[in-house]
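Colleague: Got a sequence here, can you build the structure:
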Amino acid sequence: MQTIVFDVDDTLYDQAQSFHQTVREQISQDFTPEELDNLYKKSRKYSELLFDESERGGEITTFEWQTGRFIKAFENFGISMNQEQAADFHYSYKDAQANITLFPEIVELLELLKNQGKQLAILTNGEEGHQSMKIEQLGLTQWISEDHIFISGTHGVAKPKKVIFDIVEKKLNLNPTETVYIGDSYEKDIIGAKQAGWKAIWVNYRNKEIPEDSKIRPDQELHHPSQLLTYFASTS
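Modeller: Residues are numbered from 1 along each chain as shown. Below is the predicted model of the structure:
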């Protein structure tokens, strides 16, 4: 049986919408849509870097990761933000994520894959409580059973480390060559999945570049949820 494993953030829904909403509510300065998107990309970049530090034996605390990503991102735009202000931004951002919805094409895709009899699962980085809240808000258990949902915070190890992929593989009794991982992060999702021996689809919605020194390539690179739907519809 082929298994399809999904990342969550910026793979199944657009996380930038919650971010944009929070910026408009919390920051008095006006931003163009392009500036908002660049600010979001910076916040994601620093989020991944600081998340890695928080995972490496507690180099920084979770709170320092959550606030530091915004402090550093806004710094790039000449906006000074202290830790208290960054904490307010973080909690407002978290509240905004209570309204997230799946891309319409993802709803169709999950229905298609379920009807095809595929085994579906989720593997996502983050705190257990926060990621569980998003998974519940997105209604993903309509298609994916709770025992097929894996959150890095639950297991104490995160993507791209092979250990977390091995945990999923063992729990679900996967055949790596028949397992496809779908995610938006080249560094976390594609490298992690390929090193585990899985196939990997990079949903590169924001047109990021693969680092020049990297020899790892995704099996497919897609740029819109509609392309993901079309890909699986055509390969059924």
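
Colleague: Could you identify the helix or strand that succeeds the lowest-mean-pLDDT helix or strand in the chain?
Modeller: Least confident element among the helices and strands of the chain, by mean pLDDT, DSSP states H and E: helix 33-55 (a mean of 92). Downstream of helix 33-55, the next assigned helix or strand under DSSP states H and E is helix 62-75.

Colleague: how far does that next one sit from the chain's center?
Modeller: Distance, stretch centre to chain centre, for helix 62-75: 18 Å (C-alpha atoms, centre = their mean, to the nearest Å).

Colleague: In terms of secondary structure, what does it contact?
Modeller: Under the contact criterion of 3 or more C-beta pairs under 8 Å, 6 or more residues apart in numbering; DSSP states H and E, helix 62-75 touches helix 33-55, helix 83-96. For every residue, glycine as well, the C-beta is placed using N, CA and C.

Colleague: List the buried residues of it.
Modeller: Residues of helix 62-75 classed as buried by neighbour count (16 or more other C-beta atoms under 10 Å): 62, 64-74.

Colleague: Which single one of those is nearest to residue 41?
Modeller: residue 73 (8.7 Å; C-beta to C-beta).

Colleague: and the closest one, what does it touch?
Modeller: 39, 42-43, 45-46 (C-beta atoms under 8 Å, 6 or more residues apart in numbering).

Colleague: Does residue 77 touch residue 35 like I think?
Modeller: Yes - the pair residue 77 and residue 35 passes the contact test of C-beta atoms under 8 Å, sitting 7.4 Å apart.

Colleague: Among the buried residues of helix 62-75, which one sits closest to residue 219?
Modeller: The nearest member of the buried residues of helix 62-75 to residue 219, counting by C-beta to C-beta, is residue 69 at 30.0 Å.

Colleague: Could I get the pLDDT score of that closest one?
Modeller: For residue 69, the pLDDT comes out at 97.

Colleague: And it, how close does it get to residue 176?
Modeller: Residue 69 sits 33 Å away from residue 176, going by C-beta to C-beta, to the nearest Å.

Colleague: Residue 133 and residue 222, how far apart?
Modeller: In this view, residue 133 and residue 222 are 27 Å apart by C-beta to C-beta.

Colleague: Those two: who's more crowded?
Modeller: Taking neighbours as other C-beta atoms under 10 Å, residue 133 and residue 222 compare with residue 222 leading, 18 against 15.

Colleague: on that earlier part again, buried subset of the contacts of residue 73?
Modeller: Applying 16+ other C-beta under 10 Å to the contacts of residue 73, the neighbour count classes 39, 42-43, 46 as buried.

Colleague: Nearest to residue 90 among the residues you listed?
Modeller: Closest to residue 90 out of these is residue 43 (10.5 Å), distances taken as C-beta to C-beta.

Colleague: just checking, the closest one touches residue 19?
Modeller: Yes - between residue 43 and residue 19 there is a contact at 6.6 Å, judged by C-beta under 8 Å.

Colleague: how about residue 121, what does it touch?
Modeller: Per C-beta under 8 Å, 6+ apart, neighbours of residue 121: 3-6, 144, 148-150, 168, 172.

Colleague: redo that, cut-off 7 Å
Modeller: Taking C-beta atoms under 7 Å, 6 or more residues apart in numbering, we find residue 121 in contact with 3, 5, 144, 148, 150, 168, 172.

Colleague: Equivalent analysis for residue 154, please.
Modeller: Going by C-beta under 7 Å, 6+ apart, residue 154 touches residue 128.

Colleague: Give me the mean pLDDT for the host helix or strand of it.
Modeller: For residue 154, the enclosing helix or strand under DSSP H and E is helix 152-155. Averaged over helix 152-155, pLDDT sits at 94.

Colleague: again, but for stretch 129-138
Modeller: 96.
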